[in-house]
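Enquirer: the following comprises the amino acid sequence and a computationally predicted model.
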Amino acid sequence: MPYRGMYFDSTYLLVILGLILGLAAQGLVRYAYRKYTGVRSEKGVTAAVAVADMLSRCGNDTVQVQPIAGEMTDNYNPGNNTLNLSQNVYGSDSVAALGIAAHEAGHAMQKYDAYALLNLRSMLVPAVNIGSQASMPLFFLGLVASLDPLVTLGIACFALTVLFSLLTLPVEIDASRRGLRMLRESGYLNAEELSGARKVLIAAALTYVASALAALLNLVRLLLIAQSRSSRRRS
Ligand SMILES: [Zn+2]
């Protein structure tokens, strides 16, 4: 069996490891989500009403809270300042719904406070979109055509997407921290309910950790492939 083929196969294990990590984290999120979707909060205020109130208490009353189709599609859009809550969250008073909605409200507060990392992340988006599309074609074209600069450029583009996924981690953790603080200060969840909401948000943060790890593993794979190629040429 030629060495080259074996090498490509073994680095693929890194991609598979990344996929497994991602699936495990997603399983954990679904478990926590299902569990705390079934737990109604004592106060009984819906997620949509609670976040609108919590944001206006912080002086941030221009955010538009609206329902959005789908499951776990909740997001805050800084472009038009809308906080979009999925069907199962918007009108729900469950611990999971309030936790998820508060996390998105945390993102709205990041924008309101001009949180530096959020701005940096938004600034990177156009470059990351181009980089993630171009990295693999450049890399493999460089390999096939034996053009080192293309290989390097492909790796650099991919490294940009890795940097982006690493930057996502502190932004997401900060949003959860802000959200949980608002829930506690407003009293929409009691202490026991808060710990449930925290579990849902920790599980959600783990999916970002898993995708950052997967991106890192992919970067290592590209570096290994490039290195084996150049050392083969030298020998
Ligand atoms: Zn988030």
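Expert: In hand now; what should we look at?
Enquirer: those strands in the protein, which residues are they?
Expert: Assigned by DSSP state E, the chain shows strands spanning 64-68, 75-77, 82-86.
Enquirer: distance from the longest helix seen in the chain to the middle of the chain?
Expert: The residue-count maximum for a helix in the chain (DSSP state H) belongs to helix 191-234. Taking CA atoms, centre = their mean, to the nearest Å, one finds helix 191-234 lying 11 Å from the centre of the chain it belongs to.
Enquirer: on that earlier part again, tell me which of the strands of the chain sits most buried.
Expert: Neighbour counts (mean count of other CB atoms under 10 Å) averaged over each of these peak at strand 82-86, with a mean of 21. Using the backbone N, CA and C atoms, a C-beta is placed for each residue, glycine as well.
Enquirer: ok, Arg234 - how many residues close by?
Expert: 6 (other CB atoms under 10 Å).
Enquirer: let me redo that: Leu180
Expert: Counted by other CB under 10 Å, the residues lying close to Leu180 total 20.
Enquirer: what does Asp61 give?
Expert: 10.
Enquirer: please read off the pLDDT at it from the model.
Expert: Per-residue pLDDT puts Asp61 at 92.
Enquirer: quick check: the closest residue to it other than its chain neighbours vs Gln64, distance?
Expert: Spatial nearest neighbour of Asp61, chain neighbours left out: Leu55 (6.5 Å); criterion: CB to CB, 6 or more residues apart in numbering. Distance, Leu55 to Gln64, using CB to CB, to the nearest Å: 10 Å.
Enquirer: check Arg232 too.
Expert: 58 Å.
Enquirer: anything in contact with each of Leu55 and Gln64?
Expert: Residues touching both Leu55 and Gln64 (CB atoms under 8 Å, 6 or more residues apart in numbering) are Leu83.
Enquirer: can you give me the end-to-end span of stretch 78-88?
Expert: 22 Å (CA to CA, to the nearest Å).
Enquirer: would you agree Ala210 is in contact with Ala25?
Expert: Yes. Assessed by CB atoms under 8 Å, Ala210 is found in contact with Ala25 at 3.9 Å.
Enquirer: residues of the chain that sit close to the ion?
Expert: 172, 175 (CB under 5 Å from the ion).
Enquirer: show me the shaky parts of the chain.
Expert: 1-9, 235 (pLDDT under 70).
Enquirer: apply 90 and report the result again.
Expert: Counting by pLDDT under 90, the chain shows low-confidence ranges at 1-15, 18, 71-72, 118-123, 125, 227-235.
Enquirer: OK, contacts around Tyr33?
Expert: Per CB under 8 Å, 6+ apart, neighbours of Tyr33: 72, 96, 200, 203.
Enquirer: tell me how far it lies from the ion.
Expert: 14 Å (CB to the ion, to the nearest Å).
Enquirer: likewise Val65?
Expert: 16 Å.
Enquirer: may I have the beta-bridge partners of that residue?
Expert: Leu83 (DSSP bridges).
Enquirer: before we move on, the earlier item: for the longest helix of the chain, packing partners?
Expert: If contacts are counted by 3 or more CB pairs under 8 Å, 6 or more residues apart in numbering; DSSP states H and E, helix 191-234 sits against helix 3-37, helix 95-112, helix 116-144, helix 148-186.
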